[in-house]
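Colleague: predicted model, plus sequence, below.
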Amino acid sequence: PLQQALNTIESTLVAMGELAADKHVKYILAVEKRKDSFESAVLEHLRMNGAYWGLTTLDLLDKRDVVDSNEIIEWILKCQHESGGFAGNIGHDPHILYTLSAIQVLALFDKLNVLDVDKVSTYIAGLQNEDGSFSGDIWGEVDTRFSYIAICGLSILKCLDKINVERAVNYIISCRNVDGGFGCTPGGESHAGQSMFQFTPRIEKFLPCSMFEVFCCVAALAITGALHYVDKDLLGWWLCERQVKSGGLNGRPEKLPDVCYSWWVLSSLTMIDRVHWISKEKLIKFILNCQDTENGGISDRPDDAVDIFHTYFGVAGKTVAA
Ligand SMILES: COc1ccc(S(=O)(=O)N2Cc3cc(C#N)ccc3N(Cc3cncn3C)C[C@H]2Cc2ccccc2)cc1
Ligand SMILES: [Zn+2]
């Protein structure tokens, strides 16, 4: 009992542990300003995403007003293609991924009124296929992640009636697999074995899409009121098994924990009412251990290099877990 009491006290203290918020704000502004670094070079073509990750983190830290929203909105509109879709940066090709990020940033600043909502929603709806699935752009790559992005974007624009929601839902549930999780395409091998992660049009990075995949499908079903199709106990069990002894969450059994999974797994568990199956205090402790309290920023795991992506998902994860 004494040890349990000490654990509780310790975990409560850590849970109350401070996010080095001011340092993270400085870090985000520095990344925003730095044009020459590796990070800005690699992320140059997905700058629209970077804007979403950085600005949403500032908003979560209640510091949205440290940036000039007019300058940002002007830049976002320069990234819009005549098709109505948005590109990752000025002059690049439009893609559903960047279109959602643009919508989310404009919504963050309460400036959706600058959009030709009909044109943007028509672009997104135009990417729905006969079988209810969505392509990412005109090149036609199909993936359930794009179903979430389309449904999320249209729901923010209040234009879900522009797509066939029933077919979209049927397509997503056709991608369920035996462990209650979801794959990128119907009948795809159990996503645990899947490691191909072709998300951004130009960066073919391998990231176990399992957790991100699960989040996208659960969130799409949540927005469309179709969560009753999810086996909450089966999926909840699979997700809570992602918590390792350090408190972090991993993407697949035996893999290392990663802060961005805090968001993918935690938000999925929250949506299916099974978040009490993991220790939120231990997860918060893991996230706090991944922050660079000197220069700001959060990394994927302790002692790795920080980046804007994990800073966002770390702050978002801690906010939801708190
Ligand atoms: C290592 O350099 C990279 C690697 C990949 C990418 S990416 O393909 O554009 N992308 C976004 C991303 C951005 C940053 C930052 N800043 C860092 C990583 C990261 N990953 C890779 C990753 C994250 N956890 C572990 N891994 C290996 C996810 C990926 C895919 C994704 C995009 C949008 C939403 C969710 C997921 C960009 C930079
Ligand atoms: Zn990660």
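Modeller: Structure's in. What do you need? Ligands and ions are numbered 1, 2, ... in the order given.

Colleague: close to ligand 2, is the helix or strand that contains F313?
Modeller: Using DSSP states H and E, F313 sits in helix 308-321. No - judged by Cβ under 5 Å from the ion, helix 308-321 and ligand 2 are separated, with a smallest distance of 5.7 Å. Where you see a C-beta, it was placed from the backbone N, CA and C, and this is true even at glycine.

Colleague: find the nearest non-adjacent residue to A30, please.
Modeller: In this structure, A30 finds its nearest non-sequential neighbour in G296, 7.8 Å apart by Cβ to Cβ, 6 or more residues apart in numbering.

Colleague: now the helices for the protein?
Modeller: 2-15, 21-33, 38-43, 47-60, 69-78, 96-108, 117-125, 144-156, 165-173, 209-223, 232-240, 259-271, 280-289, 308-321 (DSSP state H).

Colleague: will you turn the ones you listed into JSON lines that also has mean pLDDT?
Modeller: Below are those laid out as JSON lines (pLDDT from 0 to 100):
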{"stretch": "helix 2-15", "mean pLDDT": "61"}
{"stretch": "helix 21-33", "mean pLDDT": "91"}
{"stretch": "helix 38-43", "mean pLDDT": "72"}
{"stretch": "helix 47-60", "mean pLDDT": "96"}
{"stretch": "helix 69-78", "mean pLDDT": "97"}
{"stretch": "helix 96-108", "mean pLDDT": "98"}
{"stretch": "helix 117-125", "mean pLDDT": "98"}
{"stretch": "helix 144-156", "mean pLDDT": "97"}
{"stretch": "helix 165-173", "mean pLDDT": "96"}
{"stretch": "helix 209-223", "mean pLDDT": "89"}
{"stretch": "helix 232-240", "mean pLDDT": "93"}
{"stretch": "helix 259-271", "mean pLDDT": "93"}
{"stretch": "helix 280-289", "mean pLDDT": "95"}
{"stretch": "helix 308-321", "mean pLDDT": "94"}
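
Colleague: quick one: closest of these to ligand 1.
Modeller: Between ligand 1 and the helices of the chain, the shortest separation by Cβ to the nearest ligand atom is 3.4 Å, and it involves helix 308-321.

Colleague: buried ones in that closest one?
Modeller: By 16 or more other Cβ atoms under 10 Å, the buried positions in helix 308-321 come out as 308-318, 320-321.

Colleague: before we move on, what about stretch 151-161?
Modeller: So for stretch 151-161, counting by 16+ other Cβ under 10 Å, buried means I151, C152, G153, L154, I156, L157, C159, L160.

Colleague: for those residues, which two are the farthest from each other?
Modeller: Using Cβ to Cβ, the two most remote members of those are C152 and C159, lying 11.8 Å apart.

Colleague: just to revisit the earlier point, ok, and of the buried residues of stretch 151-161, which contact ligand 1?
Modeller: Restricting the buried residues of stretch 151-161 to those within reach of ligand 1 (Cβ under 6 Å from any ligand atom) leaves nothing.

Colleague: nearest to ligand 2, of the residues you listed?
Modeller: Comparing the buried residues of stretch 151-161 against ligand 2 with Cβ to the ion places C152 closest, at 20.0 Å.

Colleague: touching, the closest one and A219? I think so.
Modeller: Yes - counting by Cβ atoms under 8 Å, C152 touches A219, with 6.9 Å between them.

Colleague: what's around D110, how many residues?
Modeller: Neighbourhood size, D110 [other Cβ atoms under 10 Å]: 8.

Colleague: quick check, pLDDT for it.
Modeller: D110 is assigned a pLDDT of 97 by the prediction.

Colleague: and the stretch 1-150 of the chain, which residues reach ligand 1?
Modeller: With Cβ under 6 Å from any ligand atom as the criterion, the stretch 1-150 of the chain meets ligand 1 at residues V42, L43, L46, N49.

Colleague: and the residues you listed, which are buried?
Modeller: L43, L46, N49.

Colleague: closest to R301 out of these?
Modeller: Nearest to R301 among these: L43, at 20.0 Å, using Cβ to Cβ.

Colleague: roughly how far apart are that closest one and E32?
Modeller: 11 Å (Cβ to Cβ, to the nearest Å).

Colleague: and what of Y312?
Modeller: Counting by Cβ to Cβ, the gap from Y312 to E32 is 13 Å.

Colleague: any residues in contact with both of those two?
Modeller: G54 (Cβ atoms under 8 Å, 6 or more residues apart in numbering).

Colleague: let me see the contact set for I298.
Modeller: I298 makes contact with H24, V259, I287, C290, Q291, D292, V306, H310, T311, F313, G314, V315 under the criterion Cβ under 8 Å, 6+ apart.

Colleague: which of the residues you listed sit farthest apart?
Modeller: Most distant of the contacts of I298, by Cβ to Cβ, are D292 and F313, 15.1 Å apart.

Colleague: need the nearest residue in space to R274, chain neighbours excluded.
Modeller: G236 (3.2 Å).

Colleague: surely the one you found and L269 touch.
Modeller: Yes - G236 is within contact range of L269, at 6.4 Å (criterion: Cβ under 8 Å).
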